[in-house]
Every structure is written in structure tokens, then in C-alpha cells.
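Q: Sequence plus predicted model, see below.
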Number of protein chains: 2
Amino acid sequence: MQVKVLGSAAGGGFPQWNCACPNCRNFRAGTFAGTARTQAQLAWNAAPGEWTLLNASPDLRVQIDTTPELWPTGNNGPRDSPIRDLILTGAEVDQSLGLLLLREFHRFRVHATPSVRKILTEDNSIFGVLARFAGQVEWHDLPLDRPFTAGGAKLEVVLPPNTGFPGFVSAQRAKELNPAEAAIGLLISPESSKSTLAFLSGCGSISDALLERLRTCDVLLFDGTFWSDAEPSRIPGITRTARQMGHLPISGAGGSLDRFSTLAHPRKIFIHINNTNPILDDTSPERRTASDAGWEVAWDGMEITL
Amino acid sequence: MQVKVLGSAAGGGFPQWNCACPNCRNFRAGTFAGTARTQAQLAWNAAPGEWTLLNASPDLRVQIDTTPELWPTGNNGPRDSPIRDLILTGAEVDQSLGLLLLREFHRFRVHATPSVRKILTEDNSIFGVLARFAGQVEWHDLPLDRPFTAGGAKLEVVLPPNTGFPGFVSAQRAKELNPAEAAIGLLISPESSKSTLAFLSGCGSISDALLERLRTCDVLLFDGTFWSDAEPSRIPGITRTARQMGHLPISGAGGSLDRFSTLAHPRKIFIHINNTNPILDDTSPERRTASDAGWEVAWDGMEITL
């Protein structure tokens, strides 16, 4: 199974349109030692000529444009796409908005928890563009409590702690939903092998049980949003720490470098990198620290074979 | 006043992700005599260092990325943008989705009809990302019946006939709204001069009164979605003609070339070009016909001085 990282940044991407942090400023000035990154998005080949998307980033149009494997072949009439399935791990804008970019009369399946489906389709009339004809988008409920098969892969939900519904979901609405369904991590294996990729792009802490669960996976794509716990609180408008936002920082006691230091088997890759994170700079001491600890930093176009 | 065309294509852009029409196929093969186009988006400089967006296309992130005038200067702290105002002409996905890309704690004003505001903010919880703090986005009602000032320009609404609410608005909801507020055209003038740009990106027919209204404008940006009335009905999933979709075709009796043939004064430019439209090909006979009739075809990056 070929997994492609179509986007590797956190919400807003890198550079971010209204950000003048040193990373974004230097990038625009042409003096930054690192690449631009679109918002986190994965895809894998489910079968020859069939692809599954993991989440639906707001940058999906340009991500498809730059990925020939996702283009229509032209062999199936004037409208076609190899995209058959899409799996949502949450209802945040940077996970779900791209669904609305797939509105052009294409049939596909969306796999999501019932709560995520309800937030999008019951509370947002605009998602009606995916129901212009019967059978346009088929919604399938993801089970939390057992392995399942979807999009040409064996999947199993892992629940990161300290997640919550997106901020735009009212407290009253949240009470009608199942908090365990707000955001999920996934273990992803090809149907034909036991190789496992763990995807946890938003994870505020790592329990001992979760750590044990991840010990045997082959590839770990983990929340690399912030370098330090205080990093987001330096952004105007944000008063919370990284942990309070549901993102375990990379550095510091109990951070991901620390917590995963005994994880010897998996290939470890940070994804969902915020524009303020110093690891975006290939020459920064922070990037060197992460590399020395055995971590890679995902980039747009990265390929992983499972 | 400097007006920039940030995007010139219809919904879906060009090439369109799931389209294998001759235009899209040839573009991907590298054999197309024309440029890629993002979804229709205008911006104008309201004052030195202050910009106004006309609509909010789904491609707004990349459109800002490629337009240095819209970058933060870095002189106003770590988060900033020269974007102060945004004017919506409708609530279609390709007109409004980009609002959600401006969610990163930036204050700005949105000018829209009450019906468009209600569709977006009352019927779609996800637009709550623009109300994360008091005063984040200020909504201002556009008056239909008199000139007004917004975003550094003098504005006046012109109502194209045959418009309607987006397909995702239920018939029941539409009854509670004012049909005249569904979609508007605009006459746009700098505050300091009488030069006028008319913007009508969706217009199903041209009344004699509308024709007279446009006779004295200096620049006309008009609906160039489809070349022929039958063009959309050849797209799988679409059964309506161009006119039935609210887009006057360019060619044929009563088409825009025909109806505007007596309009001598304005500079005439097609915008909102669908990926299937042969005028995207710089070498096509249809493009030649449009050129010979005095029409230009908008392109991403085009600048217009008023």
C-alpha cells in the first residue's frame, strides 16, 4: 500500500495568510530553509486505480492538482475520479472543509463517526451540495469498538484523550453527541499484510495504554503541531497552551520526544505542523533535536510504503 | 483604484479535479494553449495598505499566497492582514466558502444581503469559526435600493434576473428569505472618481433596462461561464441548459456577444469561466470570435485600473 502525504501543516497551512511570525516572514522573503506546506491530508491506494482520502483538507483542490495519481484517467467518460472513499477523523475545518470541494457530481463514500456526520450534515445546510442526487455521497458509520474494513484498508480506531468537539459546536449541541466520537486516531493496515500505520494528528496526551498500543506499529504519524507548550499562547488571540488545545508539545517533560523515547520499532514522523513551529526550518536546533531523537518531519509529497 | 483578478474560473476551477473534458485532459497532458485558473475572486485596494475582497472563493488561501499586496507587512505584530472588508454577491460555495479560510483570529467586515448572511450564519454552525471572539467578523447589511459606501468604494446593487438561492437552501427556507437578495451584481466606483466597474458573474438574461444601466460603465466583468446554452447538459449529472442554470451563454441568438454588441464604451471582460468553455483555449475559434467582438477573457493575476 502506497500512502501519500498530500499536506503536512496544521490548520491555516504554511505560510499562513495572516501570520507574520519569523517562519512565515522569512518564507515570504525567500530566506527560509524549508518548504511551504498545505494543510494535513493523506491518501492511499486502495486498489489499482482506486484511492482513499484520509480527511478532507481545505487545500484538497490544489493537493489533487499536484498528485497525478488522483486525476481522472479519461477512460471512464468526461467526469471521473479514482477517489472512492474518504475517512474523517473529526469535524474541524481543517479536517472536513475539503468535502465541499468534492461537490461536482462525483459518487463516493464517507466514513465518519455518527457525531461527526451529524455536525456536518445536520447542522450545516451547505453540506447539501453533497446530496444533489440520490447516492451521491454515502455516509458510513465508523465503529469505535472493533476493527473494520473501509477504503481498501483494515482500520481500527484509537481514541486520543483530551479531545473535544470543534469550537463551533455549541455546548448544548455537544450534549446530544457522544464525546468519544469527537475526534479519533486510526491504525491503518493494508488488507493483505500486518504492516500498520498509526495516524494521530491531534493528541493532547499519551496514556501508558496508548503508548503500548503504538509500540508495535510500523509507522507513526503523530501530532507535531507545536514545539513547546507555551508556543500557541504567544499567538495573538490564543490564550491556551498547546496541551489545553489538545496538542501535546514536541519538547519538554512529558512531550512527545520524551514520551515516545522508548518506542524503538516504528518509523516516527511528525505531521500537522503549525506555521509557528521551529521544526519547519530544516536548519533549526529544534529540528536537529527532533532528528537526533529519530523523528522525521512530514512534507507535502512524502510517500510511505506499507 | 487597482482591481486585481485573483481568480477567473467558475466553481471547481480549471482544471477541475474530476473533469476529463478535452480542456482539462489537454491541460494535464501539457498540450493546452491556456493557463490554469482558480475560482472567481476579485480584490481592490481600498486605501494604501488596505484591501477589499469581492467574494470569498474556496481558493482564497492560494490566491492570497500568490498576491504579495495581501500579505501581512510584519509592521503590526505577529498576526495581521491588509484585508479589511469582504463583499459577498451570493451564498454559493464558490462565492462564500473562502470566508472559512479567514478564520485565524483576524477582524474584518463582511457586507452581504440579510438573506445571504442568514443562510451562512444561521443555517451553518461551521461559520461559528468567524465568531470566536466578540467583534471578530462584523456583518453589515447591503442595501438593494440605494448607493452605499463600503470597502473604500462607492457601490450600487444591480439585480440580474433569473437568479435563485443556492441548491443547498431548502424550498421551505427559501420562503422565509427575500428572493431579490439571493444574488446580486455590483457597480463599483472609487470614492474619488466616477469610473465604474460592473461585476455580474452570474446572470441568466439581460433585460433592456440592465443593458442601458451598463452602457455607461467603464469596465464590464460579465458571466462567461458557458460558451453555448447546451454546454452544461453535456456534463454528466447536469440536465439543465446554461440559461436554466442562471448563466447566459456567450454565443447564439440573445447570448452575451449578441446582447452586448451595441455596448461600445465599456472594456468588456468575461469572468467565471467554466472548465468546459472553449474560450479557455487561447487558440480556439470561439476565443477568436469573442476577441473579434471586443471581449477579453479574465486571467488570474489580471489587473484593472479604475
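A: Everything's here; your move.

Q: Find me the pLDDT at the residue located most distally from the centre of chain A, would you?
A: What lies farthest from the middle of chain A is A:Gly77; by C-alpha atoms, centre = their mean that is 31.7 Å. As predicted, A:Gly77 sits at a pLDDT of 85.

Q: B:Ala20 is in contact with that one, correct?
A: Yes - between A:Gly77 and B:Ala20 there is a contact under C-beta atoms under 8 Å: 7.2 Å. Any C-beta I mention is one placed from the backbone N, CA and C, and that applies to glycine too.

Q: Could you pull out the strands in the stretch 151-300 of chain A for me?
A: Listed in chain order, the strands found in the stretch 151-300 of chain A under DSSP state E, counting those that start in this stretch are A:153-158, A:185-190, A:197-200, A:219-223, A:267-271, A:295-297.

Q: Would you reformat these as CSV and include mean pLDDT and mean neighbour count?
A: Output for the strands of the stretch 151-300 of chain A, formatted as CSV (pLDDT from 0 to 100; neighbours: other C-beta atoms under 10 Å in any protein chain shown):
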stretch, mean pLDDT, mean neighbour count
strand A:153-158, 97, 20
strand A:185-190, 98, 22
strand A:197-200, 98, 24
strand A:219-223, 98, 26
strand A:267-271, 98, 21
strand A:295-297, 98, 19
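
Q: before we move on, which element is the residue nearest to A:Trp71 when sequence neighbours are not counted in?
A: In space, and not counting its chain neighbours, A:Trp71 is closest to B:Arg28: 5.8 Å by C-beta to C-beta, 6 or more residues apart in numbering or on different chains. Per DSSP states H and E: B:Arg28 is located in helix B:22-29.

Q: Next SSE downstream of that helix?
A: With DSSP H and E, the next secondary element past helix B:22-29 is strand B:41-47.

Q: Is chain A within reach of that next one?
A: No - remark: strand B:41-47 sits outside contact range of chain A, by C-beta under 8 Å from any C-beta of the partner chain, the gap being at least 12.6 Å.

Q: hmm, who's touching the helix holding B:Arg28?
A: Contacts of helix B:22-29 with the rest of the structure, by C-beta atoms under 8 Å, 6 or more residues apart in numbering or on different chains, involve A:68, A:71-72, A:74, B:14-16, B:32, B:34, B:36, B:275-278, B:280-281.

Q: mean confidence score for it?
A: Helix B:22-29 carries an average pLDDT of 97.

Q: Ok, stretch A:53-66 next?
A: In this model, stretch A:53-66 has an average pLDDT of 98.

Q: low-scoring stretches of chain A, by residue?
A: A:162 (pLDDT under 70).

Q: and with 80 instead?
A: For chain A, the stretches flagged by pLDDT under 80 are A:161-163.

Q: Okay, helices next: where are they in it?
A: For chain A, helices defined by DSSP state H occupy the ranges A:22-29, A:60-65, A:93-96, A:114-117, A:171-175, A:208-214, A:256-259, A:285-292.

Q: which one of those lies closest to B:Ala131?
A: With respect to B:Ala131, and counting by C-beta to C-beta, the nearest of the helices of chain A is helix A:93-96 at 13.4 Å.

Q: The closest one and chain B in contact?
A: Yes - on the criterion C-beta under 8 Å from any C-beta, helix A:93-96 is in touch with chain B at A:Val93.

Q: distance between that helix and the chain's centre?
A: Computed by C-alpha atoms, centre = their mean, to the nearest Å, the chain-centroid distance of helix A:93-96 equals 9 Å.

Q: Now do that helix: everything it contacts.
A: Contacts of helix A:93-96 (C-beta under 8 Å, 6+ apart): A:10-12, A:39-40, A:55-58, A:88-90, A:116, A:120, A:166, B:100, B:103, B:126, B:129.

Q: Please tell me how far A:Ala33 sits from A:Arg287.
A: 9 Å (C-beta to C-beta, to the nearest Å).

Q: Show me which of those two is the more surrounded one.
A: Legend: neighbour count by other C-beta atoms under 10 Å in any protein chain shown for A:Ala33 and A:Arg287, higher for A:Arg287 (20 against 12).

Q: Chain neighbours aside, what residue packs nearest to that one?
A: Using C-beta to C-beta, 6+ apart and skipping residues adjacent in sequence, the residue nearest A:Arg287 is A:Ile279, 4.6 Å away.

Q: what residues are up against that neighbour?
A: A:Gly224, A:Trp227, A:Ile250, A:Phe270, A:Ile273, A:Glu286, A:Arg287, A:Ala290, A:Val297.

Q: quick one: the nearest residue to the fourth one once chain neighbours are set aside and A:Gln95, what's the gap?
A: Right, the one you point to is A:Phe270. Leaving aside its chain neighbours, A:Phe270 sits nearest to A:Gly224 (2.7 Å; criterion: C-beta to C-beta, 6+ apart). According to C-beta to C-beta, A:Gly224 and A:Gln95 sit 16 Å apart.

Q: mind listing what A:Ile184 touches?
A: A:Ile184 neighbours (C-beta under 8 Å, 6+ apart): A:Thr89, A:Gly90, A:Thr113, A:Leu142, A:Leu144, A:Val157, A:Val158, A:Leu159, A:Pro160.

Q: let's go with 10 Å and repeat that
A: A:87-90, A:112-113, A:116, A:142, A:144, A:155-160, A:163, A:199-200, A:202 (C-beta atoms under 10 Å, 6 or more residues apart in numbering or on different chains).

Q: Same check on A:Ser195?
A: A:Met1, A:Ile188, A:Ser189, A:Cys217, A:Asp218, A:Val219, A:Ile304, A:Thr305, A:Leu306.

Q: hmm, try it at 8 Å
A: Here A:Ser195 is in contact with A:Met1, A:Ser189, A:Asp218, A:Val219, A:Leu306 (C-beta under 8 Å, 6+ apart).

Q: Likewise for A:Ile250?
A: A:Ile250 touches A:Gly224, A:Phe226, A:Trp227, A:Ser228, A:Ser256, A:Leu257, A:Phe270, A:Asn277, A:Ile279, A:Glu286, A:Ala290, counting by C-beta under 8 Å, 6+ apart.

Q: I'd like these laid out as CSV, including distance to B:Val137.
A: Formatted as CSV, the contacts of A:Ile250 follow (distance: C-beta to C-beta, whole Å):
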residue, distance to B:Val137
A:Gly224, 30
A:Phe226, 26
A:Trp227, 30
A:Ser228, 30
A:Ser256, 34
A:Leu257, 38
A:Phe270, 32
A:Asn277, 27
A:Ile279, 32
A:Glu286, 34
A:Ala290, 37
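
Q: Could I get the strands of the stretch 151-300 of chain A in JSON lines, plus columns for distance to A:Trp44?
A: Formatted as JSON lines, the strands of the stretch 151-300 of chain A follow (distance: least, C-beta to C-beta, whole Å):
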{"stretch": "strand A:153-158", "distance to A:Trp44": "7"}
{"stretch": "strand A:185-190", "distance to A:Trp44": "7"}
{"stretch": "strand A:197-200", "distance to A:Trp44": "9"}
{"stretch": "strand A:219-223", "distance to A:Trp44": "12"}
{"stretch": "strand A:267-271", "distance to A:Trp44": "14"}
{"stretch": "strand A:295-297", "distance to A:Trp44": "18"}
